[in-house]
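[1] Prediction below, plus the sequence it came from.
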Amino acid sequence: MQITEIYKSLQGESTYAGLPCVFIRLTGCNLRCNWCDSEFSFYGGCKMSIEEVLREVARLSPPTAVSVAKPLVEITGGEPMLQEREVIPLVEQLLAAGYKVLLETSGERPLAGVPKEVVKIVDVKCPHSGEAETFALGNLAALEPHDELKFVLTDRADYEFARDFIAQHKPTGRVNAILFSPAFAKEASGARDTSHCLLDPEQLARWMLADNLPARLSLQMHKFIWDPAAKGV
Ligand code: SF4
């Protein structure tokens with residue numbers, strides 16, 4: 001499989017934010033979101049066998065950790081499901097080795113073949129991502145109660161799209177969380193504050209409260225811990 005990087009950090013998003021996690025970033029994406037902060041993963045990387053990936057994950061986070069909770073591993077990208085033929089056996093082996101596996105995906109690829117134990121964090125692309133209409137609606141049927149749906153938002157039009165999507169498709173109660181996340185300026189560096197958010201979190205919070213939405217405001221925690229331009233964190 002083609003890998004951009006494998007590293008250990010704190011999980012920055014989802015309901016797992018703040019927990020130690022090993023990230024496996026796969027190379028390649030078929031989308032081009034306007035605010036993408038992972039463009040470095042579109043090309044390059046190196047070929048690794050599943051065994052080599054497992055060894056590196058075990059080196060960074062041994063599955064026999066003295067913690068009660070299972071150690072976390074996230075498969076991300078790029079779009080990891082473009083390498084589904086290798087990703088599925090990889091997650092099966094990670095699960096068998098005792099890891100909790102998160103899969104971060106754009107929602108454009110079919111997800112029905114992903115083992116049910118994997119926690120899928122699935123994007124629904126909003127209009128100003130430049131990739132609206134790419135979400136495969138059939139993936140709603142593949143969601144498990146522990147999965148999470150994520151909307152990255154830049155403005156009111158994106159917010160209304162997400163709000164109306166929830167009203168129309170009613171994922172509430174069928175997933176663990178619906179995440180509303182302000183997009184971060186991709187060229188941001190230096191200050192670790194909300195000035196780099198393309199949509200002010202305070203404004204988003206006010207809209208969510210006014211509409212009484214069953215969604216969770218989700219800030220990208222890693223952008224506030226480290227320099228927003230830092231990679232491998
Ligand atoms: S799907 Fe993810 S990796 Fe691909 S362009 Fe969009 S944000 Fe970037």
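    On my side now, so go ahead.
[2] contacts, neighbours, all on C-alpha from now
    Will do.
[3] Assumed Cys21 was part of a strand.
    Yes: under DSSP: H, G, I helix; E, B strand; the rest coil, Cys21 falls within a strand.
[4] Tell me the spacing between it and Met208.
    29 Å (CA to CA, to the nearest Å).
[5] higher neighbour count, these two?
    Cys21 (24 against 18; other CA atoms under 10 Å).
[6] Let me see the contact set for that one.
    By CA atoms under 8 Å, 6 or more residues apart in numbering, the contact set of Cys21 is Lys8, Ser9, Leu10, Gln11, Pro71, Leu72, Val73, Glu74.
[7] Tell me which residues touch the closest residue to it other than its chain neighbours, please.
    Distances taken as CA to CA, 6 or more residues apart in numbering place Leu72 nearest to Cys21, at 4.8 Å, with adjacent residues excluded. By CA under 8 Å, 6+ apart, Leu72 lies in contact with Leu19, Pro20, Cys21, Val22, Tyr99, Lys100, Val101, Leu102.
[8] Repeat the analysis, applying 6 Å as the threshold.
    Cys21, Tyr99, Lys100 (CA atoms under 6 Å, 6 or more residues apart in numbering).
[9] Distance-wise, check it relative to Val119.
    Leu72 is 11 Å from Val119, by CA to CA.
[10] Show residues contacting the worst-scoring helix or strand of the chain on mean pLDDT.
    Using mean pLDDT, DSSP states H and E, the weakest-scoring helix or strand in the chain turns out to be helix 221-225, at a mean of 90. Residues outside helix 221-225 that contact it (CA under 6 Å, 6+ apart) are Gly12, Arg192, Asp193.
[11] confidence score at Asp37?
    The model reports Asp37 with a pLDDT of 91.
[12] these two touch, right, it and Lys186?
    Yes: Asp37 sits in contact with Lys186 when judged by CA atoms under 6 Å, with a separation of 5.2 Å.
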